[in-house]
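> Predicted model, plus sequence, below.
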Amino acid sequence: MRMTLTLLLLFSQIGSALSGSSETKVEAGLKRATQFMVNEASYRGGYVMLYSEDLTQRWGELPARESMIWVQNPGTVGMGEFFLRAYRILRDPFYLQCSEKAASALIFGQHPSGGWHYFIDFEPAKTPNWYDQVGSKCWGWEEFYHHYGNATFDDSVTEDASRFLLNLYLETQDPRYRSPLLDSLQFILDSQYPNGAWPQRYPLNPDMLLDPEVGYTAYYTYNDDIILGNVRYMLEAHRRMGDARYRDSAIKGMDFVLLSQLPEPHAGWAQQYDLNLKPAAARSYEPVALSTLDTYHNIEALGEFYLETGDRRYLDAIPPAIQWLQNSTIPKNHSESGHTHATFIDLEENRPIYGHRQGTSIEEGRYWNDHSPENLLRGYGYTFNLNLEGLWNRYRELSEGDYRTLKENFDPEDKNRSGSPSLESVLALIENLDARGAWVEDLSFSNTDDYMNNPPSEFKGMSTGTFIRNANSILGYIETHIVTFDKENGGE
């Protein structure tokens with residue numbers, strides 16, 4: 001009996017030692033990977049999306065100079081959010097300092113109006129030359145053809161940067177972040193049209209409004225989650241800051257969703273509307289049409305709006321929209337993958353519209369749209385699957401269920417994080433770090449001259465998105481298996 005107890009005690013001591021060793025290795029590995037990104041990859045606290053292995057080349061959405069950082073995820077905002085999460089969990093001042101450096105970079109590049117552009121250039125005098133030599137030559141990236149000089153809501157750029165400052169300010173209560181945060185929230189208020197919509201870019205440039213190539217940036221825009229993203233963020237800002245103006249703004253945005261829904265039998269939504277509230281074209285491959293994907297997203301949002309307000313007008317708008325989607329499926333022979341919907345639907349005939357691209361250069365090439373599924377434009381998601389049965393089920397649940405119960409169970413900030421990774425998978429990630437602390441992998445970047453007819457460039461390098469994903473995975477393990485264990489056993 002004594003022998004058995006001795007062995008059990010010995011095995012317990014060995015297990016504790018191994019556990020302690022693993023914990024140390026996990027936390028040290030996370031810090032080593034972070035130190036590489038902060039000390040080697042970042043520029044003045046900011047980040048791009050891709051780096052060559054030797055760090056001599058870097059890319060955001062397009063090729064970038066060393067003095068340029070990218071705001072949008074997975075660039076500077078994504079890195080800043082990871083650092084802040086790491087600080088919340090580990091309470092290590094190192095991670096807070098990293099987050100503050102990212103915030104300082106964003107504040108440096110904040111537009112005087114309060115918003116942000118896609119990127120920040122710490123040598124702004126060279127930005128016009130970058131547009132001449134790079135942006136305007138990247139065929140298909142039309143949002144970079146012109147140097148607008150203002151801020152954008154596209155790709156959640158301003159929304160995400162403002163949310164990061166909100167998170168950092170509420171975590172630290174540091175007054176350095178209060179004014180930039182309030183300026184960004186004021187920017188969202190200032191840029192909202194009286195009818196509740198938002199433009200793609202702001203402040204509006206009167207000269208550009210007359211230019212058909214760029215005037216669409218002033219349109220009422222759903223594309224890339226502009227209106228819905230701002231509505232959700234303003235509701236979040238109200239919950240966390242308590243300013244009634246933010247909720248009022250969100251309600252106005254919600255009501256624009258109802259205002260802009262087309263009448264039956266085509267009760268969907270367009271990607272954008274002109275200032276007369278008519279569906280409008282934007283970039284060359286975005287025709288005047290109804291958008292199935294934006295309609296799907298608006299239907300989901302209407303359910304959220306109902307739970308937020310109890311106003312059944314939002315529910316009543318859902319059935320005709322789902323019915324329109326059911327009437328707008330693509331013919332089976334139009335999609336080899338069995339997809340259900342095209343992105344765009346003709347306003348009059350309710351037929352799918354497909355995008356095409358011809359030529360080998362921006363100078364002599366062109367885009368056009370028609371009803372033929374042949375030679376579809378690649379890289380824009382022109383067909384995909386929509387789960388209409390799921391929409392109907394959710395509508396019935398909301399329409400027939402008890403509102404109070406549904407609202408109590410609704411969490412608008414639910415991140416739906418996956419379960420904690422295993423120790424083995426986390427240790428494998430750490431083992432994959434090179435001597436510098438970098439996750440090096442095979443990467444590629446599209447040929448921006450003509451991605452349709454040329455292969456992408458392939459290279460060894462580092463991805464900011466990979467870092468964020470891997471680091472958050474390690475952090476998830478630490479939070480679940482180390483920090484929680486310490487707290488349960490009397491630690492802080």
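That came through fine. Numbers count the residues shown, from 1 in each chain.

> residue boundaries of the helices in the stretch 1-150 of the chain?
2-36, 76-90, 93-108, 127-133 (DSSP state H, counting those that start in this stretch).

> pull the CA atoms of the shortest one into CSV?
Once side chains and other backbone atoms are set aside, the C-alpha atoms of helix 127-133 remain, and they are given as CSV (Å, rounded to 0.1, in the frame of the first residue of the first chain):
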residue,chain,number,x,y,z
THR,A,127,1.5,58.8,-51.5
PRO,A,128,0.4,60.5,-54.8
ASN,A,129,3.4,58.8,-56.5
TRP,A,130,2.3,55.4,-55.1
TYR,A,131,-1.1,55.9,-56.7
ASP,A,132,0.5,56.9,-60.0
GLN,A,133,3.0,54.0,-60.1
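
> By neighbour count, which bits of it are buried? Give me those.
127, 130 (16 or more other CB atoms under 10 Å). C-beta coordinates here come from the backbone N, C-alpha and C atoms, glycine included.

> cool, the third one as well?
Buried positions in helix 93-108, judged by neighbour count with 16+ other CB under 10 Å: 95-96, 98-107.

> Kindly reformat the helices of the stretch 1-150 of the chain as JSON lines containing distance to Thr172.
Formatted as JSON lines, these follow (distance: least, CB to CB, whole Å):
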{"stretch": "helix 2-36", "distance to Thr172": "19"}
{"stretch": "helix 76-90", "distance to Thr172": "9"}
{"stretch": "helix 93-108", "distance to Thr172": "7"}
{"stretch": "helix 127-133", "distance to Thr172": "31"}
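
> which one of these has the lowest average pLDDT?
Ranked by mean pLDDT, the helices of the stretch 1-150 of the chain end with helix 2-36 at the bottom, a mean of 65.

> The helices of the stretch 1-150 of the chain: which one's closest to Val231?
Across the helices of the stretch 1-150 of the chain, Val231 has its closest neighbour in helix 76-90 (19.3 Å, CB to CB).

> Which member of the buried residues of helix 93-108 is positioned nearest Lys126?
Relative to Lys126, the closest of the buried residues of helix 93-108 is Ala105; by CB to CB it sits at 17.1 Å.

> pLDDT averaged over stretch 227-244 - what is it?
Averaged across stretch 227-244, pLDDT comes to 98.

> Buried residues in that stretch, which are they?
Neighbour counts over stretch 227-244 (16+ other CB under 10 Å) mark 227-238 as buried.

> Restrict it to CA atoms and write it as CSV.
Coordinates of each C-alpha in stretch 227-244 appear next as CSV, following Å, rounded to 0.1, in the frame of the first residue of the first chain:
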residue,chain,number,x,y,z
ILE,A,227,-24.6,50.3,-43.7
LEU,A,228,-25.1,47.1,-41.6
GLY,A,229,-21.6,47.4,-40.1
ASN,A,230,-22.2,50.9,-39.0
VAL,A,231,-25.6,50.1,-37.5
ARG,A,232,-24.1,47.3,-35.5
TYR,A,233,-21.2,49.3,-34.3
MET,A,234,-23.3,52.3,-33.3
LEU,A,235,-25.5,49.9,-31.2
GLU,A,236,-22.3,48.5,-29.6
ALA,A,237,-21.0,52.0,-29.0
HIS,A,238,-24.3,52.9,-27.3
ARG,A,239,-24.2,49.8,-25.1
ARG,A,240,-20.6,50.5,-24.0
MET,A,241,-20.5,54.3,-24.0
GLY,A,242,-24.1,55.2,-23.1
ASP,A,243,-24.5,58.0,-25.6
ALA,A,244,-28.1,58.0,-26.9
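
> domains of this protein?
Per automatic domain parsing, the domain ranges recorded for the chain read 66-174, 192-334+385-413, 417-486.

> any low-confidence regions in the chain?
Residues of the chain meeting the criterion pLDDT under 70: 1-20, 336, 378-381, 413-419, 483-492.

> ok, now with 50
For the chain, the stretches with pLDDT under 50 are 1-18, 485-486, 488.

> about what we covered before: and the buried residues of stretch 227-244 as TSV, adding secondary structure and distance to Asn470?
Supplementary listing: the buried residues of stretch 227-244 in TSV, determined by DSSP: H, G, I helix; E, B strand; the rest coil; distance: CB to CB, whole Å:
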residue	secondary structure	distance to Asn470
Ile227	helix	33
Leu228	helix	30
Gly229	helix	26
Asn230	helix	31
Val231	helix	32
Arg232	helix	28
Tyr233	helix	27
Met234	helix	32
Leu235	helix	32
Glu236	helix	27
Ala237	helix	30
His238	helix	34
